[in-house]
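Colleague: Fold the following, please.
(2 chains)
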Amino acid sequence: MASYSMLKEPEVNLELALQHGLTEEEYDLIIKKLGRKPNFTELGIFSVMWSEHCSYKNSIALLKTLPREGGRLLVGAGEENAGLVDIGDGLAIAFKIESHNHPSAVEPYQGAATGVGGILRDIFTMGARPIASLNSLRFGSLDSARTRFLFEHVVQGIGDYGNCFGVPTVGGEVYFDESYKDNPLVNAMAIGLVNVNQTASAVAEGKGNPVLIVGSSTGRDGIHGATFASEEISEKSESKRPSVQVGDPFTEKLLLEATLEIIKNGWVVGIQDMGAAGISCSTSEMSAKGKSGMKIDLDKVPLREEGMTAYEIMLSESQERMLVVARKGYEDKIIETFQKWDLNSAIIGEVTDENTLSINYNGELKADIPPFELVLGGGAPVYIRETTEPEYLKQMRSFNFGKIPEPDDICDTFLRVFSSPNIVSKRWVYQQYDSMVRTNTITGPGCDAAVIYIKGTNKAISASTDCNGRYVFLNPKEGAKIAVAESARNVVCSGAVPLAITNCLNFGNPYKPEMYWTFKKVIEGLGEACRYFHTPVTGGNVSFYNESPDAAVYPTPVIGMLGLIEDLDHITTSYFKNENELIYLLGVDNEELGGSEYLKVIHKVVAGDSPSLDLQAEKDLQKLVHDLIRNGVINSAHDISEGGIITALAECCIMNMEKPVGAEVHIPIRARTDFAFFSESQSRVIVTVSEENEDSFEKIASESFTPFILLGRTSGSSLKINDQFDFNLNHLKDIYFNTISKLMNEAD
Amino acid sequence: MKPVFGVIVFPGSNCDHDAYYAVKKVLGYNAQFIWHKDTDLKNSDVIILPGGFSYGDYLRTGAIARFSPVMKSIIEFANNGGFVIGICNGFQILLESNLLPGVLLKNKKIKFECKDVFLKVENRDHPFTNSVDKTVLKIPIAHGDGNYFAEPDVIKSLEDKGQIVFRYSSADGSTDDEFNPNGSINNIAGITNERKNILGLMPHPERASDSVLGNEDGAAIFHSIANHILK
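Modeller: Predicted coordinates for the structure are as follows:
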């Protein structure tokens, strides 16, 4: 998009509307709603507000079918900047996940950094202090130099932003698959803590209340970022680099402190982050929510460049800004607070009781739109698109597992699977993140779930992000259920009760019927699983158009799960603790290899059906693990996922780098050794029990509905399996902890 | 009587609350925040310059913070024998202020690195280490610019005068190069001035003070200075 400041405003017509990403139908709807043709600034505002990114026009109807209330939810999906969950003691957790895929594809460092910045602002505009962040990343194969470039800079962008801001990055996940080659997924999640009676709302109400813009000044960066995020990635995307914003974590840190101060002091009626669509979005959404209007004078907005037009100011996505509606009479206090933190703040207008967003600049009325017409839940269009079951599914399901050649050398096969970048430790990544600042990190990155201490209580929260895109590709509904189940299982293994989820739904083009079918099935699966586990959806983000000229990415609904640990004594980690303990497997194997890491790494194919998930069996398993932990019977709990039981056992042995513990086990085999070792059947957890707790364990486990077997004992300095295979722990450690840094060409 | 720790808050400090919490809530001493625009150290016995990214560290780490109004008071305080601990970014500020010699360069691997490291305690007869009862401490680091460098004569003098307090090591105290996380000369992790009232170190003892987090090795450093003051 060229700069219009030097030009006369172009004439608004259908062609210009189409250039702005609107459809003909939508352009006609705008004319109908306004009762006239929009002017240039108004067209710009409508185009960003009705973009997929802001309006959720192709997803909202389906999203509304998800369970969005109940349990400990104080604020449900879509009501505020982030969801809010009660954890007792007068405290609540605000948390949310959001994508920054498209910016990261063209400018990985800033794209990822501003993704972190955006989600942190969503949290602290709720009045909550961010206490942890996680991220879920997907890239192509590390063989490609382009992928290594994207990977390196995304990680650095996340690290530099979070580290400087002072939020610990405590967990997440990284997957590599060719499917994500041109369109990486960068999903950032943030978690904040707030006193229940000190939360803030994103609302504008009370005629005459002053409206302030605070934080950074406004520049030309990021204009039409929201529209860019609503297109497929192509060769032309490189030219969209100016649509990517530039992050300033230091300013954001100051903004955090100042914002929390004004909220705590009760000077704020409402506050909203300026992310996508900048001033347009915050003014219209806050007004619509409060059933108010707003009169804004753009001459008062602090600018960082001269000659900006109303169009540019309204659409700028300059980072580290917020819109604040002050309680009348307290605006000076707010300005003083921002001055103390060396930040801009300016009164740019006031709340009105008229049903219009009135934007003025240089003495001219530049836009006059009823705010309700602009927003999601208001006048923004809502579509339910056509669906067709994808052709590829039948072909995938007909895959004959009997024809897979059985490997001659299981040892070598295992070492190859275990060396997969999807399996090995992501230490190379998480050591670049400050995972400990704020001194609450009890379990940091590298375990099934992160555990964060809530100071002043005897509680901790647990968080995990999960999704296996291959499973979802092979079976959208089942794959989505597995994503919820696995994230719940992970927090349960850390000692927590799952409370609620946030989700980031990464899909291709919704106008393609096969893609929309997949999206619909995923929503069905998520809804079913979340209802079953009583983990309502607190909100999140939908990212469509994750496509390159070749193909769409795997449908990837990333789940961010929040759990609560009521007693610090219940905190449990994944790895073996001591020698001579009993190793049990909870749950059963069905020798399922569809979409497995084994199939991909050894046989170079992604095929079959996803593993099956029995929601009741999963629930029983989670209850058993929880009971065992509460009764102090187990010393470790690790779920079986990618790479199967053999991989999980190896991880248990070496995950604690400082103190590896060997094991001697027998893995039962039904059909074939490779099937049994690498099966990714769900609802399975490996636990260890000290000898004195053997009876208690057997008693509790026998009373549950979950089958269990004794696999063996911890001992020695190697992993011995079925009296046939013997893996030296030092060798496994080297593979596990150094593979990614070697692939990134910097051997440790 | 409890010693009073004054924790300086620069814009961009992000370990200020951690230091405050560790000395006050965990270890039971008195603590107070001091705003960078203030010049009154409010009768603090020990000043802590906490970790973080003062002023965003967009120029050179610590380079702008040294010009804060509070630094003038701290320099005067230190020159009069007052006790000062600079942790991570605080260490960088001490170097920029010439309260300690040397500089901190980018880590040899260029990347920010956060992990537990082991520190060999070189000198346990010292205001900052008199209560340390181990020869090796486990304390986390989290920095991108922790590669300590000084001219050879400065290093020699630091060594000769026993000003090197902590060196990166293995769990059993070996200071081989493989245990050096950032390229620091002679594995230097923490130093004092000659008078031994100013300590600068890259590792974060405040992150290893609370039993809830499973590691209390760092607490001994705060106890040491408290004991020294009470003596």
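
Colleague: end to end, how far does stretch A:338-350 reach?
Modeller: Across stretch A:338-350, the straight-line distance between its terminal residues is 19 Å, by Cα to Cα, to the nearest Å.

Colleague: got the contact list for that stretch?
Modeller: Applying Cβ atoms under 8 Å, 6 or more residues apart in numbering or on different chains, the set of residues contacting stretch A:338-350 from outside is A:207-217, A:251, A:254-255, A:257-258, A:294-298, A:300-302, A:324, A:331, A:334-335, B:11. Every residue, glycine included, has its C-beta placed from N, CA and C.

Colleague: Not including adjacent chain positions, what is the nearest residue to residue A:261?
Modeller: Sequence neighbours aside, residue A:337 is the residue nearest to residue A:261 in space, at 5.2 Å (criterion: Cβ to Cβ, 6 or more residues apart in numbering or on different chains).

Colleague: who are the neighbours in contact with the one you found?
Modeller: Each residue near residue A:337 by Cβ under 8 Å, 6+ apart is listed here: A:258, A:261, A:262.

Colleague: Give me the distance between the second one and residue A:191.
Modeller: Residue A:261 sits 21 Å away from residue A:191, going by Cβ to Cβ, to the nearest Å.

Colleague: More neighbours: which of the two?
Modeller: Here residue A:261 and residue A:191 are compared on neighbour count by other Cβ atoms under 10 Å in any protein chain shown; more neighbours surround residue A:191, at 28 against 16.

Colleague: The more buried one is in contact with residue A:94, isn't it?
Modeller: Yes - with contact defined as Cβ atoms under 8 Å, residue A:191 counts as touching residue A:94 (7.4 Å).

Colleague: and residue 52, how many neighbours does it have?
Modeller: No chain was given, so I picked chain A. Applying the criterion other Cβ under 10 Å, we find 22 residues in the vicinity of residue A:52.

Colleague: Wait, chain B was what I had in mind.
Modeller: For residue B:52, the count of nearby residues is 29 (other Cβ under 10 Å).

Colleague: same question, residue B:231
Modeller: Other residues lying near residue B:231 total 7 when counted by other Cβ under 10 Å.

Colleague: Look through the stretch 451-600 of chain A and state the residue closest to chain B.
Modeller: Among all residues of the stretch 451-600 of chain A, residue A:453 sits closest to chain B, at 5.5 Å; criterion: Cβ to the nearest Cβ.

Colleague: Which residue comes closest to that residue once chain neighbours are left out?
Modeller: Distances taken as Cβ to Cβ, 6+ apart place residue A:440 nearest to residue A:453, at 4.3 Å, with adjacent residues excluded.

Colleague: Near residue 87, how many other residues are there?
Modeller: Since no chain was named, I'll use chain A. Burial of residue A:87 is recorded as 21 neighbouring residues (other Cβ under 10 Å).

Colleague: Not quite, go with chain B.
Modeller: The number of residues packed near residue B:87 is 28, by other Cβ under 10 Å.

Colleague: Contacts only, for it.
Modeller: Residue B:87 is in contact with B:15, B:19, B:48, B:49, B:50, B:51, B:201, B:202, B:203, B:204, B:205, B:206, counting by Cβ under 8 Å, 6+ apart.

Colleague: Can you tell me the SS state at the last one?
Modeller: To tie it back to what came earlier, the one meant is residue B:206. Reduced to three states with DSSP: H, G, I helix; E, B strand; the rest coil, the structure at residue B:206 is helix.

Colleague: can I assume the residue nearest to residue A:261 sits in a helix?
Modeller: Yes - counting by three-state DSSP, one finds residue A:337 located in a helix.

Colleague: who touches the residue positioned nearest the centre of chain A in this structure?
Modeller: Centroid check for chain A by Cα atoms, centre = their mean gives residue A:97 as the closest residue, at 3.6 Å. Residue A:97 makes contacts with A:119, A:134, A:136, A:187-189, A:465, A:502-504, A:540-541, A:558, A:560, as judged by Cβ under 8 Å, 6+ apart.

Colleague: if we can go back for a sec, does the residue of the stretch 451-600 of chain A closest to chain B really touch residue B:212, like I thought?
Modeller: Yes - counting by Cβ under 8 Å, residue B:212 is a contact partner of residue A:453 at 5.5 Å.

Colleague: ok, these two, which is more surrounded?
Modeller: The residue with the greater number of neighbours, taking residue A:453 and residue B:212 and applying other Cβ under 10 Å, is residue A:453; the counts read 23 against 17.

Colleague: hey, what's the more buried one bridged with?
Modeller: When bridges are assigned using DSSP bridges, the partners listed for residue A:453 are residue A:460.

Colleague: sorry, back to before: just the buried ones out of the contacts of residue A:97, please.
Modeller: Using 16 or more other Cβ atoms under 10 Å in any protein chain shown as the burial test, the contacts of residue A:97 include A:119, A:134, A:136, A:187-189, A:465, A:502-504, A:540-541, A:558, A:560 as buried.

Colleague: Just the residues you listed: which are in strands?
Modeller: Judged by DSSP state E, the subset of the buried ones among the contacts of residue A:97 located in strands is A:134, A:136, A:187-189, A:465, A:502-504, A:540-541, A:558, A:560.

Colleague: Tell me which two in those residues are the farthest apart.
Modeller: Largest separation among those by Cβ to Cβ: A:134 and A:541, giving 14.2 Å.

Colleague: Get me the contact residues on chain A for chain B.
Modeller: Among all residues of chain A, those adjacent to chain B (criterion: Cβ under 8 Å from any Cβ of the partner chain) are A:156, A:159-160, A:163-166, A:248-251, A:253-254, A:341-342, A:430-442, A:453, A:455, A:568, A:658, A:746.

Colleague: among those, which ones are buried?
Modeller: A:156, A:159-160, A:163-166, A:248-251, A:253-254, A:341, A:430-442, A:453, A:455, A:568.

Colleague: Specify the local secondary structure of the residue nearest to the centre of chain A.
Modeller: Following three-state DSSP, residue A:97 is assigned to strand.
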